[in-house]
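K.L.:
Show me the folded form of this:
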Amino acid sequence: MSESCAFQGRIGLTHLDSVPHWAPVRTTGASAPNVVYVVLDDVGFADLGCFGSEIDTPTIDGLAADGLRYVNFHATPLCSPTRASLLTGRNHHSVGMRLLSNLDTGYPNGRGHVTKAAATLAEMLVDAGYNTMCVGKWHLAPTEHTTASGPYDQWPLGRGFERYYGFLEAETDCFYPELYADNHAIEAPGRPEDGYHLTTDLVDRAISFVRAQTSVTPDKPFFLHLAFAAAHAPHQAPQEYLDKYRGRYDEGWDVIREARFTRQKELGVIPPDTRLPPRNDGVDPWADLTADERRLFARLQEAYAAMLDHTDAELRRFIDALAALGRLSNTMLVLLSDNGASQEGGQRGSLNPAAFQNGIEPDFAWNLEHLDEIGGPRGHSNYPWGWAQAGNTPFRRYKQNTHEGGIRVPLIVRYPDAIAEPGVVRSQFHHVTDITPTVLDVVGLEAPEVYRGVPQLPIHGTPLTYTFNDGAAPTRHRTQYFEMFGHRAIWHDGWKAVAYHQRGTDYADDRWELFDTATDWSESDDVAARYPHKLAELQQRFWAEAGKYDVLPLDDRGFAVRAKVARPGSIRARRRFVYYRGMPHLPAAACPPTMNRSHRITAYVERAASDGDGVLVALGGVATGFSLFVKNSCLTFDHNYLGQHTVVRSQSPIPVGTTELAVSIEQTGDRTASVRLLVGAKEVASGKLDAVLPHFHGWEGLDIGQDGASPASSEYDDPFPYQGHLDRIVIALEDDDIPLFETVD
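P.N.:
Numbers count the residues shown, from 1 in each chain. As a prediction, this is how the structure comes out:
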């Protein structure tokens with residue numbers, strides 16, 4: 001009816017006495033540029049060659065040579081919040097993403113998704129006539145919603161993108177990724193033994209999307225959001241890249257940090273009078289480490305460097321494809337990292353990210369024993385603090401913190417049509433909220449005041465375009481707050497006040513530091529005692545900004561503890577879960593909370609005499625998890641605790657016919673349990689678990705009838721699909737003292 005009412009022609013008895021009419025075609029004009037966001041993950045300020053690194057990044061360096069490097073650019077201290085601000089141009093608390101999309105904190109600033117009152121750049125551009133494509137990491141949909149049941153309104157296709165290929169969680173295994181195409185889960189198109197790696201796959205798909213779009217509508221602009229897994233843990237790369245970096249880091253993080261610092265001054269990305277602060281707390285001098293520590297820690301950094309180098313090489317293929325299609329010259333390309341280098345490998349590094357999330361100190365001897373797995377399909381490594389500190393040179397602290405090490409990140413903007421003098425640096429203060437308004441300014445669009453019936457938040461950022469050809473212009477982004485896990489900071493007109501918060505302590509006890517960033521680039525000289533009135537002024541300004549942008553209430557609780565506790569209405573807030581054969585992969589955030597509690601897993605099967613073996617149910621992967629499977633016709637349970645396996649196996653074959661195969665886990669103490677295997681009502685094997693994870697299974701989810709991602713068990717290597725008839729899996733949790741949801745006192 002609405003189209004009929006909009007018809008402006010004339011309807012006669014036949015076409016001979018009628019006048020046709022067509023609605024005008026949406027167009028942006030022939031000069032509208034393509035837009036590409038390239039988002040790196042956990043890459044520190046000093047990790048790219050053009051920002052001082054020894055890591056080979058010639059593609060990214062080439063983009064910098066053809067564009068501008070912003071050396072005073074800031075993200076938020078964490079991934080989901082930065083991505084929310086990047087795509088909306090608003091502060092992350094204001095749009096509901098104070099933390100990760102894995103959690104709904106119960107407060108407006110922490111819903112775990114971007115409010116519809118903040119349209120994304122994709123939503124704005126698609127309505128202006130752009131094609132929109134998203135490839136890679138999303139991590140902006142509530143992770144409980146990333147199942148076959150949805151809802152899908154916060155998936156990429158629900159937020160303005162027309163095509164999507166990638167992963168929806170915080171991280172994924174690059175050899176065995178959890179992949180989604182548009183609105184459904186898919187299996188990876190290859191395995192590591194076939195030469196598969198996620199980064200190559202993502203670039204293949206990005207090229208495919210752009211080629212298809214160009215083939216059909218070559219004059220229509222596109223927006224591509226290309227978000228790599230690199231260099232978030234696990235650090236994984238093809239073997240030839242791992243081999244390339246062998247021995248490169250034997251001299252240690254102190255030497256590398258000093259070399260990067262010197263190189264940064266030579267490149268002009270830091271002022272010549274910048275000071276290098278002392279080591280962060282907990283970072284030991286390289287010379288004080290044992291030979292085994294140096295050997296392990298060097299290998300962990302090699303994997304990181306190899307992953308970043310490989311990503312740069314794959315990005316080269318994408319840039320070359322744009323050039324071959326004739327679309328590079330009219331493309332505005334923005335490359336940035338989502339936060340500073342990560343502290344999540346701990347003081348001594350890790351081969352298992354789940355250890356950090358559960359607050360468990362990694363087993364150094366076990367890590368050393370598995371040295372040769374680092375960077376490969378069975379390695380889930382993250383480097384120690386010393387390398388993260390080198391990655392953030394010359395700044396203090398890390399990702400999650402509001403000191404510069406957590407928030408100062410590399411930014412490169414390449415847009416030949418608007419940049420007259422490429423290859424130089426820009427030192428104006430800017431923030432991730434400034435990127436989307438920059439694109440709108442370049443394209444000539446206004447952010448809508450109402451989008452699809454929803455009144456919109458104002459854009460909080462300031463366009464960068466005034467800096468494109470004026471390096472001396474004063475910054476127009478004069479004030480910016482930062483907050484994460486209770487860490488706070490405020491920057492205003494060159495002054496920065498920052499408070500490091502110890503989790504669980506009184507916020508009033510936090511000590512605020514004050515820095516004159518115009519003369520102290522690296523936060524080396526705390527002048528709070530010298531300028532108490534300036535500090536008080538900035539503290540007051542922080543609270544004003546906190547009220548303005550919905551930062552309150554402050555919340556310093558960790559992720560893993562809250563991830564275990566299901567919110568009201570959650571699909572996890574029940575005691576019994578029934579999963580039928582054919583169910584797609586279930587992401588970790590939607591899995592039953594079996595951690596450190598008694599539970600029973602029952603498989604309902606019908607076995608013929610000719611039936612073979614296979615996985616009944618598996619959760620997790622090589623890093624941690626469990627698998628219940630049949631091998632040599634015997635029921636087997638493999639409990640994978642941070643890579644250490646406890647296997648319980650029946651000694652007799654499973655009988656033919658309809659039966660129930662079960663494993664019963666009974667908690668026997670704090671983080672210990674007993675295991676019983678049952679066929680029907682008969683116990684066929686038993687064992688004990690000396691350690692179970694307290695809070696968090698890890699990032700890999702659950703599969704029925706196979707082990708679809710990396711193998712949770714050490715007893716098989718492939719998906720090992722079950723060869724018999726599996727009807728359903730039932731997971732039942734015993735009542736315990738863990739509440740279904742948190743209540744307010």
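K.L.:
So I731 sits against P593, correct?
P.N.:
No: in terms of CB atoms under 8 Å, I731 does not count as a neighbour of P593; the distance is 10.1 Å. Every residue, glycine included, has its C-beta placed from N, CA and C.
K.L.:
next one: stretch 688-700 to chain centre, how far?
P.N.:
22 Å (CA atoms, centre = their mean, to the nearest Å).
K.L.:
Tell me the buried residues in that stretch?
P.N.:
Residues of stretch 688-700 classed as buried under the neighbour-count rule (16 or more other CB atoms under 10 Å) are L689, V692, L693, P694, H695, F696, H697, G698, W699, E700.
K.L.:
Adding pLDDT as columns, could you present those in TSV?
P.N.:
Compiled in TSV, these are given as follows (pLDDT from 0 to 100):
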residue	pLDDT
L689	95
V692	93
L693	90
P694	87
H695	83
F696	79
H697	79
G698	77
W699	81
E700	88
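K.L.:
Tell me which two of those sit farthest apart.
P.N.:
With distances taken as CB to CB, the most widely separated pair in the buried residues of stretch 688-700 is L689 and W699, at 21.3 Å.
K.L.:
Which residue, other than its chain neighbours, is closest to the residue nearest the centre of the chain?
P.N.:
Using CA atoms, centre = their mean, the residue of the chain that lies closest to the mean C-alpha position is A170, 3.5 Å off. The shortest distance from A170 to any non-neighbouring residue, by CB to CB, 6 or more residues apart in numbering, is to H139 (5.4 Å).
K.L.:
got it, and Y37?
P.N.:
Once its chain neighbours are removed from consideration, Y37 has its nearest residue in H225; the separation is 4.8 Å (CB to CB, 6+ apart).
K.L.:
secondary structure class for the one you found?
P.N.:
strand (DSSP: H, G, I helix; E, B strand; the rest coil).
K.L.:
Okay, and which of the buried residues of stretch 688-700 map to strands?
P.N.:
The subset of the buried residues of stretch 688-700 located in strands under the criterion DSSP state E comprises L689.
K.L.:
Identify, from the buried residues of stretch 688-700, the entry nearest to N34.
P.N.:
Once CB to CB is applied, the member of the buried residues of stretch 688-700 that ends up nearest N34 is W699, at 32.6 Å.
K.L.:
ok, the closest one - contacts?
P.N.:
The neighbours of W699, taking CB atoms under 8 Å, 6 or more residues apart in numbering as the test, are E169, A170, E171, T172, P353, A354, A588.
K.L.:
let's see it at 7 Å
P.N.:
With contacts defined as CB atoms under 7 Å, 6 or more residues apart in numbering, the neighbours of W699 are E169, A170, E171, T172, A588.
K.L.:
okay, now the third one: neighbour count?
P.N.:
Going back to what we said before, that points to E171. Other residues near E171 come to 24 when the count uses other CB atoms under 10 Å.
K.L.:
Any figure for the gap between it and A230?
P.N.:
When CB to CB, to the nearest Å is applied, the distance between E171 and A230 equals 11 Å.
K.L.:
A662: which element?
P.N.:
When secondary structure is defined by DSSP states H and E, A662 falls within strand 657-669.
K.L.:
now for that strand, which elements pack on it?
P.N.:
If contacts are counted by 3 or more CB pairs under 7 Å, 6 or more residues apart in numbering; DSSP states H and E, strand 657-669 sits against strand 599-607, strand 672-679.
K.L.:
Pick the most deeply packed of those.
P.N.:
With neighbours defined as mean count of other CB atoms under 10 Å, those peak in mean count at strand 599-607, which reaches a mean of 20.
K.L.:
List the contacts of that strand.
P.N.:
Residues outside strand 599-607 that contact it (CB under 7 Å, 6+ apart): 616-617, 628, 654, 656-665, 724-734.
K.L.:
chain center to that strand, what's the gap?
P.N.:
Here the centre of strand 599-607 is set off from its chain's centre by 35 Å, with CA atoms, centre = their mean.
K.L.:
same thing with stretch 484-491?
P.N.:
How far stretch 484-491 lies from its chain's middle: 20 Å, per CA atoms, centre = their mean.
K.L.:
In PDB, list the C-alpha atoms belonging to that stretch.
P.N.:
Backbone C-alpha positions of stretch 484-491 (Å, rounded to 0.1, in the frame of the first residue of the first chain) are rendered in PDB as follows:
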ATOM      1  CA  MET A 484      37.600  -0.300  32.600                       C
ATOM      2  CA  PHE A 485      37.200  -2.600  35.600                       C
ATOM      3  CA  GLY A 486      37.400   0.500  37.900                       C
ATOM      4  CA  HIS A 487      40.600   1.900  36.300                       C
ATOM      5  CA  ARG A 488      39.800   5.500  35.400                       C
ATOM      6  CA  ALA A 489      41.400   8.300  33.500                       C
ATOM      7  CA  ILE A 490      40.500  11.700  32.000                       C
ATOM      8  CA  TRP A 491      42.400  13.600  29.400                       C
END
